[in-house]
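In: model the following, please.
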Amino acid sequence: MDTPNHPDKPLSPQAGGTQGVLPEDMETLMHVISHDLRAPIVTIQGFCQELTMACDRLKTLFEEEAMSDAVRDHINPLVTQDIPEAVRFIRAGADSVNTVTSGILRLIRLGQMDIQWERLDMNQLMMGIVSSLEFQLKKKGVVLQIQDLPDCMGDEVLVTQVFANLIDNAQKYLDPSRPGEITIAGFIVKGWAVYAISDNGIGIPSEQHATIFRVFNRLSPQQGKGDGLGLAIVQRIIHRHQGKIEVESAPGSGTTFRVFLPRAIDVEEGGHHES
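Out: Below is the predicted model:
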């Protein structure tokens, strides 16, 4: 198992950020996405709502007003089927574009964020994540085991996002034909704290291992809603910590994600040591 190069000390806040793009270019891109693209989407969504309300009013009038059978037969499918169906397609398209633009903004902002380095108590952090997912886990009858986890160095908000995504993915892609099991383990490898999130879910074909971290890639769209950004964001955050993530999986055999993060450092007067 290869391990990434371990830094002697926590990296600078900008380490792992967006490279090759000037800050002013990023600001322009964010403005285009957040205003020039999203403003028309909001307009479309608003008028979809207006059209839906107009159809409802037309249906009411249609039911109350006296008219010939020929006119009624002509208008009825327009008001009850054709127009509402067109509005649904327009709204679905607008929602899809909105999801994509929102995802792009999230990725850009993630690359611009400063990392707030601190020692993280991973046992405590993991319990907080599990508590927030307790309802979904209980609803599915998932058996969750958390072993004693080593501390690491990182940004609490971003690292929480990493493991919340991975645990949520694990419960989302469980095999409905057998009781769900998720195990979270941790150990030290050289200068790294390694965390393994394992499940007995549906698994991932080997030919998809190289693509699951791509932006807007979804392993199994039929398994539920999602924007295809979860694992892309997970990988981006880990790379910003100069770590790495590995996947081991096969169809029907479950999945294990291994996350490498900098091992916890105790800073002392005159130097520091790892623990």
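In: against which helices or strands is the helix or strand hosting residue 167 packed?
Out: In the assignment (DSSP states H and E), residue 167 maps to helix 156-172. Using 3 or more Cβ pairs under 8 Å, 6 or more residues apart in numbering; DSSP states H and E, the elements in contact with helix 156-172 are strand 118-120, helix 122-132, helix 134-139, strand 181-189, strand 192-199, helix 230-240, strand 255-262. Any C-beta I mention is one placed from the backbone N, CA and C, and that applies to glycine too.
In: any chance of TSV for the ones you listed, columns mean neighbour count?
Out: TSV is the format used below for these (neighbours: other Cβ atoms under 10 Å):
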stretch	mean neighbour count
strand 118-120	17
helix 122-132	16
helix 134-139	12
strand 181-189	18
strand 192-199	22
helix 230-240	21
strand 255-262	22
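In: mind checking which of those is nearest residue 88?
Out: Proximity to residue 88, assessed across the helices and strands packed on helix 156-172 by Cβ to Cβ, is greatest for helix 230-240 (26.6 Å).
In: which of the residues in the helix or strand following that closest one are buried?
Out: Helices and strands here follow DSSP H and E; after helix 230-240, the next one along the chain is strand 244-249. Buried residues in strand 244-249, counted by 16 or more other Cβ atoms under 10 Å: 244-245, 247-249.
In: nearest to residue 265, of those residues?
Out: Of the buried residues of strand 244-249, the one sitting nearest to residue 265 (Cβ to Cβ) turns out to be residue 244, at 18.7 Å.
In: which stretches in the stretch 1-150 of the chain count as helices?
Out: Taking DSSP state H, counting those that start in this stretch to define them, one finds helices in the stretch 1-150 of the chain at 23-31, 38-64, 69-77, 83-112, 122-132, 134-139.
In: confidence-wise, which of the ones you listed is weakest overall?
Out: Lowest mean pLDDT within the helices of the stretch 1-150 of the chain: helix 23-31, a mean of 59.
In: what sits against the residue of the chain most remote from its centre?
Out: The C-alpha centroid of the chain is most remote from residue 68, which lies 54.5 Å away (Cα atoms, centre = their mean). Counting by Cβ atoms under 8 Å, 6 or more residues apart in numbering, residue 68 makes contact with nothing.
In: mind running it again at 10 Å?
Out: residue 74 (Cβ atoms under 10 Å, 6 or more residues apart in numbering).
In: what's the distance between it and residue 60?
Out: The spacing between residue 68 and residue 60, counted by Cβ to Cβ, to the nearest Å, is 19 Å.
In: please apply the same query to residue 135.
Out: Per Cβ to Cβ, residue 135 is found 39 Å from residue 60.
In: sorry, back to before: using a markdown table, lay out the helices of the stretch 1-150 of the chain together with distance to residue 155.
Out: Converted to a markdown table, those look like this (distance: least, Cβ to Cβ, whole Å):
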| stretch | distance to residue 155 |
| --- | --- |
| helix 23-31 | 20 |
| helix 38-64 | 27 |
| helix 69-77 | 56 |
| helix 83-112 | 11 |
| helix 122-132 | 11 |
| helix 134-139 | 24 |
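In: of those helices, which is nearest residue 233?
Out: Checked against Cβ to Cβ, the stretch from these lying closest is helix 83-112, at 6.4 Å.
In: where's the residue farthest from the centre of the chain relative to residue 92, distance?
Out: 35 Å.
In: with residue 211 instead?
Out: For residue 211, the distance to residue 92 (Cβ to Cβ) stands at 25 Å.
In: repeat that for residue 50.
Out: Residue 50 is 17 Å from residue 92, by Cβ to Cβ.
In: again with residue 39
Out: With the distance defined as Cβ to Cβ, residue 39 ends up 19 Å from residue 92.
In: how about residue 129?
Out: Taken as Cβ to Cβ, the span from residue 129 to residue 92 is 32 Å.
In: okay, which residue is most central for the chain?
Out: Mean-position check on the chain, Cα atoms, centre = their mean. Result residue 230 at 2.5 Å.
In: for the helix holding residue 167, what does the pLDDT average out to?
Out: Helix 156-172 comes out at a mean pLDDT of 92.
In: same question for stretch 231-249.
Out: 92.
In: start and end of that stretch, how far apart?
Out: 15 Å (Cα to Cα, to the nearest Å).
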